[in-house]
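>>> Following is a predicted model, sequence given first.
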Amino acid sequence: MTTKRIATEETVTIESLISLIESRATTYGLLARLYQTEVDETLLHELHALRFPTKTGNVKIDEGYQLLATYLSNLWDHSVDDLAIDYARIFIGQGIDAYSAAYPFESVYTSEKRLMMQDARDEVLAIYRSMDLDKKKSWKEGEDHIAVELEFEKVLSERTLTALQENDEDKAFSLLSTQLNFLNDHLLSWVPMMTEDMQKFAKTDFYRGLAFLTEGFLETDEEFLSGILAENE
Amino acid sequence: MKDEIQNLNFSSNVIVEEDFDPLQDNEPDLEDESGEFYGEFNKKEPEELTAVIVDSRSAEERIDDLFTKMKYRRRVLLDILDLCQKPQPIKSVNEVVEANQKHDRSVFSTANFCTALEHAGALRRQDKHGALIDDENLSKPKTVVIDGVEYLEAAEITEVLWAATDEGLAALKANQPLSHLLNMLENDPHYKPIYKRVLTLCAQEGGASADVLGKAIDDDPVVQEPRRYAPYFFERLESCEALTWESTWKITKIGTKALEALDGVQDETLITLLEGE
């Protein structure tokens, strides 16, 4: 078992770091999937089988898990329909102005006129391409959609895992630094506003819970990455 | 091409300013005089978005409103209530709706119909023990401890049954299509031969198409003033459940009873039509 002091008060093993980053990647992947499109029957039953920790140390995550678990305890034949309706209500809306939904695009929240495909989209696209990533042709939305930004963090987490498993710690910490920068410069600059809007529009505990979970997870991830990288700054 | 504006091919007095620039940015200035950015038309206040809208109408009023707004799906709604006089699993309700709409596809799913009836107070969700299932009576997740760590596990999925409420049963009972049909016939006595003709043609094997009914009715003197066409009659008969659409118009049991009630009505055109077959 190798040991490395990585700028936290306690000694963190590479093995435990790998475990933590695996967990981060999984969570980012799940969040990305839940924002990408409506929940289907298969995913819903997979979620029903999950266990959610009650005390994570972050109040928002705990609230999110409580709401999700409560919703999943009351599934019935029309749950998939109910969630699809709520998804459309929250993220697509039914109005003609820029305030009728929690539009899941960074450009909407960071541009003056709340429009899509603005500077934020160009910036994240440049970042993706700098990491040799681009959106699939099947993805017809903008690159600053929350699902894509979350999946970007997932991909970088997985690359970090690979680097650690290959004992390339310099590359691993470089990737962690990129993740922290992207988190601070992009995700955390707008997602809290979007999740606040989600609370206004959501009618199901599922998506209310998702809003809490997303905001809380990004907060804790920022704390984690900042702590891990402190000595390397 | 001449330079003067007057030589344009369309007639308009277009006056073009000398410094007109077709590439000029003409976006409106969205700042008002106070300097604050606006453009948030139709923006709702936060309290409007989170406010719970309470429908204070009685269940009877909501049900009546639902049947009025979904009048073309009235039969489906009534069949659901009829089935749910005893609590039914969702699968059984699905079968009834699919059978009902086999020849008349709808954008509404069984879930849409049942949810609409539930919101109107005509249906309720319950478990197999009869306990009401709604947002006030949610199942709670279980708490489990594994390796000293506390987790939430979702409760087991409970089978949901649909059951008609008292108000829903009252709406079902109030539906008296034969009575409504006979009243309609009495209110339009001059159209009795037409209704008899429609019912008779639809009672034949294979029913009758809209085209056949049109040829049998549209030239009749009694429908010239006011001008009526075949759809007026067969849609009214359908609303009284005397006819049903199954790729052609076919008579129902209620329509057969109405035909019996019209037995004494003379219709020379009908005799001619039937003899011609």
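That came in fine, so what should we check first?

>>> where along the stretch 151-277 of chain B do the strands fall?
With DSSP state E, counting those that start in this stretch as the definition, the stretch 151-277 of chain B shows strands at residue ranges B:161-164, B:243-245, B:249-251.

>>> Over to chain A?
Secondary structure of chain A by DSSP state E: the strands cover A:3-4, A:12-13, A:51-53.

>>> By mean pLDDT, show me the worst of these.
For the strands of chain A, mean pLDDT drops lowest on strand A:3-4, to a mean of 36.

>>> burial count for residue B:158?
Burial of residue B:158 is recorded as 18 neighbouring residues (other C-beta atoms under 10 Å in any protein chain shown). No exception for glycine: its C-beta is placed from N, CA and C like everyone else's.

>>> For it, which non-adjacent residue is spatially closest?
Nearest residue to residue B:158, sequence neighbours excluded (C-beta to C-beta, 6 or more residues apart in numbering or on different chains): residue B:127, at 5.3 Å.

>>> show me the contacts for that neighbour.
B:133, B:158-161 (C-beta atoms under 8 Å, 6 or more residues apart in numbering or on different chains).

>>> what do you get for residue A:211?
So residue A:211 contacts A:64, A:195-196, A:198-199, A:202 (C-beta under 8 Å, 6+ apart).

>>> Return the distance of it relative to chain B.
Per C-beta to the nearest C-beta, to the nearest Å, residue A:211 is found 13 Å from chain B.

>>> Flag every residue of chain A that's near chain B.
Listed as neighbours of chain B in chain A under the rule C-beta under 8 Å from any C-beta of the partner chain: A:47-55, A:65-66, A:69-70, A:72-78, A:81, A:95-100, A:112-113, A:199-201.

>>> Narrow the residues you listed to just the buried residues.
A:47-48, A:51-52, A:54, A:65-66, A:69-70, A:72-75, A:77-78, A:98-100, A:199-201 (16 or more other C-beta atoms under 10 Å in any protein chain shown).

>>> Quick check: residues of the stretch 51-200 of chain B near chain A?
So far as C-beta under 8 Å from any C-beta goes, the stretch 51-200 of chain B lies against chain A at B:90, B:109, B:111, B:114-115, B:125, B:133, B:138-141, B:143-144, B:146, B:149-155, B:157-158, B:160.

>>> can you give me the helices in the chain?
Chain wasn't specified; assuming chain A. A:14-36, A:41-48, A:59-72, A:79-91, A:106-110, A:119-130, A:146-165, A:169-182, A:188-201, A:205-229 (DSSP state H).

>>> could you do chain B instead?
B:46-50, B:59-69, B:74-83, B:90-100, B:110-120, B:166-174, B:177-187, B:192-203, B:210-217, B:230-239, B:253-261, B:268-275.

>>> contacts for stretch A:121-130?
A:105-107, A:134-135, A:142-144, A:148-149, A:152, A:182, A:186.

>>> Which member of those residues is positioned nearest chain B?
Closest to chain B out of the contacts of stretch A:121-130 is residue A:107 (15.8 Å), distances taken as C-beta to the nearest C-beta.

>>> Now that closest one. Nearest residue, chain neighbours left out?
Nearest one to residue A:107, counting by C-beta to C-beta, 6+ apart, is residue A:118 at 3.9 Å.

>>> Could you report the pLDDT at the one you found?
Residue A:118 is assigned 90 on the pLDDT scale.

>>> Contact partners for it?
With C-beta under 8 Å, 6+ apart, residue A:118 has these contacts: A:107, A:110-111.

>>> Endpoints of stretch A:68-83, how far apart?
One end of stretch A:68-83 to the other measures 12 Å (C-alpha to C-alpha, to the nearest Å).

>>> Identify the residue spatially nearest to residue A:52, adjacent ones excluded.
residue A:65 is the one closest to residue A:52 (C-beta to C-beta, 6+ apart), at 3.7 Å.

>>> Return the residues in contact with the one you found.
So residue A:65 contacts A:52-54, A:56, A:209, A:213, B:152 (C-beta under 8 Å, 6+ apart).

>>> Let's see that with 7 Å instead.
Each residue near residue A:65 by C-beta atoms under 7 Å, 6 or more residues apart in numbering or on different chains is listed here: A:52-53, A:213, B:152.

>>> That one and residue A:72: what is the separation?
Separation of residue A:65 from residue A:72 (C-beta to C-beta, to the nearest Å): 10 Å.

>>> Also residue B:110?
From residue B:110 to residue A:72 the distance is 23 Å (C-beta to C-beta).

>>> again, but for residue B:174
Shown here: residue B:174 relative to residue A:72, a distance of 40 Å by C-beta to C-beta.

>>> Ok, residue A:16 next?
Using C-beta to C-beta, we find residue A:16 at a distance of 30 Å from residue A:72.

>>> ok, residue A:218 touching residue A:191?
Yes - assessed by C-beta atoms under 7 Å, residue A:218 is found in contact with residue A:191 at 6.0 Å.

>>> Low-confidence ranges, the chain, go.
Defaulting to chain A. Chain A contains residues with pLDDT under 70 at A:1-12, A:231-233.

>>> I was after chain B.
Ranges of chain B meeting pLDDT under 70: B:1-18, B:25-52, B:277.

>>> what sits against residue B:100?
Contacts of residue B:100 by C-beta under 7 Å, 6+ apart are B:75-76, B:79.

>>> mind putting these in CSV, neighbour count included?
Below are the contacts of residue B:100 laid out as CSV (neighbours: other C-beta atoms under 10 Å in any protein chain shown):
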residue, neighbour count
B:75, 18
B:76, 20
B:79, 17
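
>>> what residue is smack in the middle of chain B?
residue B:70 (3.1 Å; C-alpha atoms, centre = their mean).

>>> From residue B:163, how far off is that residue?
20 Å.

>>> for residue B:95, same thing?
17 Å.

>>> These two: who's more crowded?
Between residue B:95 and residue B:163, counted using other C-beta under 10 Å, residue B:163 has the larger neighbour count: 17 against 13.

>>> Spit out the contact partners of that one.
Residue B:163 neighbours (C-beta under 7 Å, 6+ apart): B:84, B:87, B:123-124, B:126.

>>> at 8 Å what do you get?
B:84, B:86-88, B:123-126.

>>> List only those of those residues flagged as buried.
Taking 16+ other C-beta under 10 Å as the criterion, what is buried in the contacts of residue B:163 is B:84, B:87-88, B:123-126.

>>> burial of residue 130, as a residue count?
Looking at chain A here, since you left the chain open. Around residue A:130 there are 9 residues (other C-beta under 10 Å).

>>> You answered for a different chain; I wanted chain B.
Neighbours around residue B:130, by other C-beta under 10 Å: 9.

>>> That one contacts residue B:124, correct?
No - using C-beta atoms under 8 Å, residue B:130 makes no contact with residue B:124, being 10.1 Å away.

>>> returning to that earlier point: go through the buried ones among the contacts of residue B:163 and flag which are in strands.
Short answer: the buried ones among the contacts of residue B:163 in strands (DSSP E) are B:88, B:123-126.

>>> OK, contacts around residue A:206?
A:39, A:67-68, A:71-72, A:83, A:86.

>>> mind redoing it with 7 Å?
Contacts for residue A:206 (C-beta under 7 Å, 6+ apart) come out as A:68, A:71, A:83.

>>> what does residue A:52 give?
A:65, A:68-69, B:151-152.

>>> redo that, cut-off 6 Å
Residue A:52 makes contacts with A:65, A:69, B:152, as judged by C-beta atoms under 6 Å, 6 or more residues apart in numbering or on different chains.

>>> and what of residue A:217?
Residue A:217 is in contact with residue A:27, counting by C-beta under 6 Å, 6+ apart.

>>> roughly how far apart are it and residue A:21?
Residue A:217 is 14 Å from residue A:21, where distance means C-beta to C-beta.
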